[in-house]
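Asks: model this:
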Amino acid sequence: MSDYQFCPRCAKSLIERADVDTDGGLPRRACPDDTCGFVHWNNPVPVVAAIVEYEGKILLARNAAWAEGVFALITGFLENGETPEAGIAREVLEETSLHVETAELIGVYEFIRKNELIIAYHVRAHGEIALSPELLEYRLVEPAKLRPWRAGTGQALGEWMRRRGLPFEFVERPGQ
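Replies: Sure thing, here's the model as predicted:
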């Protein structure tokens, strides 16, 4: 459930409610004041992810907040009014300084643990790699040596590898 405690409109404490008529009986945080009407829907957030192909290898990066040895795909949130294709090109540029040449949709994947809906692409990119401050380091990995994890972006990476006939096994979490 969400971490909303107070109504952003009138500041009253939110209550849990399940309205079978309007939201299928799912519990929601809502304002108890019927004149306010605020409901926190807590819908999944759209995230774009890129399998970045650069000079024949796949670029994986380590976020500054992650443990040493944990590398993953380039990801980011969509901006208001942005298409997923524009969003992934922007994220790749912002995080790596690389320019996207082509973007092919791999699929859409749930990441329930973080309440996200991941829109994953395979992109070919060019330029000189320069990481944003949120990323500490990167690796360029031969596609056959990739090790996708079982959730989120790992599902997209596994699908991309499967389509290319590359053998793979899922690991329990990134970095294993």
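Asks: So in terms of bridging, what pairs with residue 121?
Replies: Bridge pairing for residue 121 (DSSP bridges) gives the partners residue 50, residue 105.
Asks: how many neighbours does it have?
Replies: 27 (other C-beta atoms under 10 Å). Just so you know, the C-beta spots here come from the backbone N, C-alpha and C atoms, and that holds for glycine as well.
Asks: now residue 25
Replies: Residue 25 has 10 neighbours, counted by other C-beta under 10 Å.
Asks: ok, it touching residue 17?
Replies: No: using C-beta atoms under 8 Å as the test, residue 25 is too far from residue 17 to be in contact (10.1 Å).
Asks: Which residue ranges of this structure form helices?
Replies: With DSSP state H applied, the chain shows helices at 20-23, 84-96, 153-163, listed in chain order.
Asks: Relative to residue 54, which of the ones you listed is closest?
Replies: Of all the helices of the chain, it is helix 84-96 that lies closest to residue 54, at 8.3 Å by C-beta to C-beta.
Asks: CA atoms only for the closest one, dumped as CSV, please.
Replies: The C-alpha trace of helix 84-96 is given here as CSV (Å, rounded to 0.1, in the frame of the first residue of the first chain):
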residue,chain,number,x,y,z
PRO,A,84,8.5,5.9,-24.6
GLU,A,85,10.8,6.1,-27.6
ALA,A,86,11.7,9.8,-26.8
GLY,A,87,12.0,8.9,-23.2
ILE,A,88,14.5,6.1,-23.7
ALA,A,89,16.6,8.2,-26.1
ARG,A,90,16.7,11.0,-23.5
GLU,A,91,17.6,8.7,-20.6
VAL,A,92,20.4,7.0,-22.6
LEU,A,93,21.8,10.5,-23.5
GLU,A,94,21.4,11.9,-20.0
GLU,A,95,23.0,8.9,-18.3
THR,A,96,25.7,7.8,-20.8
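Asks: ok, now which ones touch residue 93?
Replies: By C-beta atoms under 8 Å, 6 or more residues apart in numbering, the residues touching residue 93 are 99, 100.
Asks: Let's see that with 10 Å instead.
Replies: Residue 93 sits next to 74, 99, 100, 125, 127, 132 when contact means C-beta atoms under 10 Å, 6 or more residues apart in numbering.
Asks: One more: residue 17?
Replies: Going by C-beta under 10 Å, 6+ apart, residue 17 touches 23, 26, 27, 28, 29, 30, 31, 32, 39.
Asks: for those, which one is nearest residue 165?
Replies: Distance to residue 165 across the contacts of residue 17 (C-beta to C-beta) is lowest for residue 26, with 41.2 Å.
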